[in-house]
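Engineer: Sharing a sequence plus its predicted fold:
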Amino acid sequence: MLDKTEDIPLATAHWLAQFDAALRASDGAALAALFLGDSYWRDVLALSWRIQTLNGAAAILQALPACAKAAAPSGFAIDPARAAPRLITRAGTSAIEAIFSFETAAGRGSGIVRLLPDADEGGRLKAWTLLTALDELKGFEEPLGARRPRGQSYSRDFRGPNWLDLRKVSRDYAERDPQVLVVGGGQAGLAIAARLKQLQIDTLIVDREARIGDNWRKRYHALTLHNQVQVNHMPYLPFPPTWPVYIPKDKLANWFEAYVDALELNFWTGTAFETAAYDESDGRWTATLRRAVGSTRIMHPRHIVMATGVSGIPNLPDIPSLANFKGQILHSSQYDDGETWKDKTALVIGSGNSGHDIAQDLCSSGAEVTLVQRSPTLVTNIEPSAQLAYAAYNDGTLEDNDLIATSMPLQLARRSHQMLTAQSKALDQDLLDGLERIGFKLDFGEHGTGWQFKYLTRGGGYYFNVGCSDMLVGGAIKLIQFADIDGFVAEGARMQDGATIKADLIVLATGYKRQEVLVEKLFGAGVATRVGPIWGFGDGQELRNMYTRTPQPGLWFIAGSLAQCRINSKYLALQIKAIETGLLPRGASGGVHHSV
């Protein structure tokens with residue numbers, strides 16, 4: 001029926017005009033006529049000040065009028081600067097997809113509507129999915145493009161401080177505290193600090209490493225990113241078009257260094273965040289920082305953003321007999337280069353990305369390697385299978401594709417990834433058959449949702465094959481199951497059949513502890529209990545306590561891939577700005593609250 005829609009832009013404009021009029025008039029009946037029964041509304045701060053998804057017309061029609069009354073949205077119209085309305089397939093369903101713009105009393109936003117014909121009403125087009133997302137706050141627009149700083153004072157006030165003098169004062173924090181303290185200087189910390197700077201929020205990044213980018217630079221020698229360059233751009237400063245498809249870790253680390261300088265981000269290296277306590281009456285933290293020179297600095301930021309990754313403490317499983325081993329034991333975070341272990345023997349325990357990559361690096365360096373599988377693992381070839389999820393980023397603009405990614409409700413995203421996983425299994429069938437022949441235990445995620453949902457729910461459990469699986473199938477790397485190990489002895493692993501697999505090195509590629517452990521260590525049990533689980537999906541179809549307000553005022557979390565951090569740092573920064581400007585209350589409560 002959609003293929004008979006002669007003028008897709010006209011049909012979209014008609015729906016948006018009806019939607020705009022229904023919201024302005026608070027006309028519940030008119031609004032109800034615009035949504036399918038099984039529809040989705042995802043709001044990212046624009047109308048509710050929440051990041052939330054509602055499923056079903058009944059739930060949407062109960063919440064949307066109240067949100068519209070408070071936010072006063074208007075001006076819903078096709079955005080001529082974005083991709084034109086088009087017929088597209090999402091989650092296996094063909095729909096009209098259109099990007100629109102609008103504004104509220106507090107800000108300006110953009111969104112996506114997907115329209116389907118309602119067979120019960122003669123094919124009338126109704127909303128299947130709707131995204132409303134906040135882009136900027138009125139009166140606090142980012143100083144970009146035509147609004148960029150002019151810099152006249154730097155060059156024309158010859159007797160005053162120049163640009164470098166002012167940068168030194170800004171970085172030193174000799175006589176002031178930052179409004180926001182960002183803990184961790186990887187992609188998450190840099191992205192949120194860059195966003196906050198553009199919103200004129202005084203922000204300091206602290207990182208315990210000696211050099212910007214060391215969080216990548218110090219990882220194992222052969223590491224490159226597993227997704228492609230066009231997906232991974234940082235806010236405001238995209239990678240050069242000359243860059244390789246898969247970015248090497250040291251190249252990325254050096255880019256982080258240049259990024260901090262180019263965007264004038266305040267960054268303290270060699271600085272450990274030790275602890276912090278929150279003063280409810282003052283709305284500030286008392287944070288203790290340990291500098292590399294041995295001094296201690298107490299700061300009182302209004303907000304702390306934890307950007308330490310999905311987890312920061314190595315997970316060292318309790319294997320009592322492991323103490324019997326007389327060789328060297330390293331966690332994967334300590335592993336550097338396989339050349340050290342040439343002509344030696346190694347056991348790598350863990351079969352996720354790090355375990356496979358380290359096993360391949362050791363084997364390629366001339367070590368005799370055995371991979372130890374602890375639990376079933378999803379395996380997919382890095383090309384083309386692992387890149388199927390990013391296919392949209394091969395066309396169109398980054399801005400449009402980020403909005404499309406933001407627009408997908410969790411249930412439809414699951415459906416999409418089930419389809420992608422089935423497609424990748426078919427593409428990888430020969431490899432998967434070979435792995436099963438050698439006893440490798442395969443897994444394809446809960447209900448076949450694939451690697452991305454494994455990442456979003458548990459932070460691992462998959463491997464993008466860049467050659468290690470082929471080495472396993474071919475016998476260059478041996479495979480054993482952890483369950484077949486009776487215990488560890490001085491020489492290595494003693495198997496249940498009595499054989500001993502000798503080793504000079506054991507690498508524990510066993511992942512990291514959950515973020516809650518780090519929160520308790522740094523903030524105490526009370527804050528950890530108040531915040532609760534971090535990462536993974538909660539009842540509201542969103543990542544728990546990630547990128548959004550937590551039950552602990554002034555404490556925020558951001559983590560994930562470069563793409564996730566690019567997208568979600570925007571919305572996290574807008575929430576902090578809204579609090580600092582009085583648009584949102586400082587306390588932990590969320591919900592509808594607009595003031596101008």
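Structural biologist: Here it is on my side, so go on.
Engineer: Heading C-terminal from the lowest-mean-pLDDT helix or strand in the chain, find the next helix or strand.
Structural biologist: Lowest on mean pLDDT, DSSP states H and E among the helices and strands of the chain sits helix 152-156, with a mean of 60. Scanning forward in sequence from helix 152-156 by DSSP states H and E, the next helix or strand is helix 163-172.
Engineer: Not counting that following helix itself, show me its contacts.
Structural biologist: Contact partners of helix 163-172, identified using Cβ atoms under 8 Å, 6 or more residues apart in numbering, comprise 151, 154, 161, 264, 266-268. Where C-beta positions appear, they are placed from N, C-alpha and C, glycine not excepted.
Engineer: Which strand runs longest in this protein?
Structural biologist: strand 124-137 (DSSP state E).
Engineer: Given that one, what are its sheet partners and their directions?
Structural biologist: As defined by DSSP bridges, the strand partners of strand 124-137 come to strand 35-44 (parallel), strand 107-118 (antiparallel).
Engineer: for residue 250, helix, strand, or coil?
Structural biologist: For residue 250, the assignment made with DSSP: H, G, I helix; E, B strand; the rest coil gives helix.
Engineer: List the residues that contact it.
Structural biologist: Per Cβ under 8 Å, 6+ apart, neighbours of residue 250: 216-217.
Engineer: All the strands of the stretch 451-596 of the chain, in order from the start?
Structural biologist: 462-465, 478-481, 485-489, 492-495, 500-502, 505-508, 555-557 (DSSP state E, counting those that start in this stretch).
Engineer: For residue 537, which of those is the nearest?
Structural biologist: strand 555-557 (14.6 Å; Cβ to Cβ).
Engineer: picking up where we left off before, present the strands of the stretch 451-596 of the chain as CSV; the columns should include mean neighbour count and distance to residue 171.
Structural biologist: Output for these, formatted as CSV (neighbours: other Cβ atoms under 10 Å; distance: least, Cβ to Cβ, whole Å):
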stretch, mean neighbour count, distance to residue 171
strand 462-465, 23, 38
strand 478-481, 17, 51
strand 485-489, 17, 49
strand 492-495, 20, 50
strand 500-502, 16, 52
strand 505-508, 24, 38
strand 555-557, 23, 22
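Engineer: Serialize those strands to a markdown table and add fields for distance to residue 471.
Structural biologist: Shown next, in a markdown table, are the strands of the stretch 451-596 of the chain (distance: least, Cβ to Cβ, whole Å):
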| stretch | distance to residue 471 |
| --- | --- |
| strand 462-465 | 10 |
| strand 478-481 | 10 |
| strand 485-489 | 21 |
| strand 492-495 | 20 |
| strand 500-502 | 17 |
| strand 505-508 | 16 |
| strand 555-557 | 37 |
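Engineer: what's the closest of the ones you listed to residue 358?
Structural biologist: strand 505-508 (5.5 Å).
Engineer: Which strands border that closest one, and is each parallel or antiparallel?
Structural biologist: Per DSSP bridges, strand 505-508 is paired in its sheet with strand 328-331 (parallel), strand 345-349 (parallel).
Engineer: so which of those strands is the most packed in?
Structural biologist: With neighbours taken as mean count of other Cβ atoms under 10 Å, those reach their highest mean count in strand 345-349, at a mean of 26.
Engineer: thinking again about what came up before, which parts of the longest strand of the chain are buried?
Structural biologist: 125-137 (16 or more other Cβ atoms under 10 Å).
Engineer: now swap in stretch 516-535 and tell me
Structural biologist: So, applying 16+ other Cβ under 10 Å, buried residues of stretch 516-535: 516, 518-519, 522-523, 527-528, 530-531, 534-535.
Engineer: now the end-to-end length of that stretch.
Structural biologist: End-to-end distance of stretch 516-535 (Cα to Cα, to the nearest Å): 10 Å.
Engineer: Residue 370 should be in a helix, yeah?
Structural biologist: No. According to three-state DSSP, residue 370 belongs to no helix; its state is strand.
Engineer: Which residues are in contact with the residue lying closest to it once chain neighbours are set aside?
Structural biologist: Spatial nearest neighbour of residue 370, excluding adjacent residues (Cβ to Cβ, 6 or more residues apart in numbering): residue 478 at 4.3 Å. Residue 478 makes contacts with 369-371, as judged by Cβ under 8 Å, 6+ apart.
Engineer: Looking at neighbours, which among those is most surrounded?
Structural biologist: With neighbours taken as other Cβ atoms under 10 Å, the top of the contacts of residue 478 is residue 369, carrying 29 neighbours.
Engineer: quick revisit: need the strands paired with strand 124-137 in TSV with mean neighbour count, can you?
Structural biologist: Formatted as TSV, the strands paired with strand 124-137 follow (neighbours: other Cβ atoms under 10 Å):
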stretch	mean neighbour count
strand 35-44	22
strand 107-118	23
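Engineer: so which of the ones you listed gets nearest residue 345?
Structural biologist: strand 35-44 (51.7 Å).
Engineer: contacting residues around the closest one?
Structural biologist: Here strand 35-44 has contacts from 50-57, 60-61, 63-64, 67, 116, 118, 126-134, 406-409, 411-412, 571, using Cβ under 8 Å, 6+ apart.
Engineer: what about the residue nearest to residue 292 when sequence neighbours are not counted, how many neighbours?
Structural biologist: Residue nearest to residue 292 in three dimensions, not counting chain neighbours: residue 270, with 2.9 Å by Cβ to Cβ, 6+ apart. Summarising burial for residue 270: neighbours were counted as other Cβ under 10 Å, giving 15.
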